[in-house]
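Student: Structure of the sequence below:
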Amino acid sequence: VQLQASGGGLVQAGGSLTLSCAASGRTFSRYVVGWFRQAPGKEREAVTAISGSGGERYSDSVKGRFTISRDNAKNTAYLQMNNLKPEDTAVYYCAARDGTVTYFGANRYDYWGRGTQVTVSS
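Tutor: This is a model prediction of the structure:
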């Protein structure tokens, strides 16, 4: 599966952005989709993941502010980000793995899209 993330940009603290992850292929629903981010000088970290059936998992740093969703008919996953903070600034990547478990380890994901930059100004 090929992935393409989009929707990043510059936003003020407290603002919102919605990222999209468009996937190729006809079996999108069999894949877990994860969103990861990497800030300058930091390791890539998991933000959230969603299974094909809609089971969600969030990191503590974004719980209550970010919402992951997917539309299997459109082969697209979304990341709604509200109440953004400067520390959310990073390159955001979507990734996919064949399976049902919403792992947070990046090495569990086989397919990666190019990142999209999110910058939150204070």
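
Student: use CA for all of it now, contacts and neighbours both
Tutor: Noted.

Student: just for this structure, where's the confidence low?
Tutor: Within the chain, no stretch falls below the threshold (pLDDT under 70).

Student: Relative to Ser122, how far out is the residue most central in space within it?
Tutor: By C-alpha atoms, centre = their mean, the chain has its centre lying nearest to Trp35, at 2.4 Å. Distance of Trp35 to Ser122, given as C-alpha to C-alpha, to the nearest Å: 23 Å.

Student: How about Ser59?
Tutor: For Ser59 relative to Ser122 (C-alpha to C-alpha), the value is 22 Å.

Student: Between the two, which has more neighbouring residues?
Tutor: Shown here are Ser59 and Ser122; by other C-alpha atoms under 10 Å, Ser59 has more neighbours (14 against 11).

Student: what's the closest non-adjacent residue to that one?
Tutor: In space, and not counting its chain neighbours, Ser59 is closest to Val47: 5.3 Å by C-alpha to C-alpha, 6 or more residues apart in numbering.

Student: what's near enough to touch the one you found?
Tutor: The neighbourhood of Val47, defined by C-alpha atoms under 8 Å, 6 or more residues apart in numbering, consists of Gly34, Trp35, Phe36, Arg37, Tyr58, Ser59, Ser61, Val62, Phe104.

Student: Understood, closing this out.
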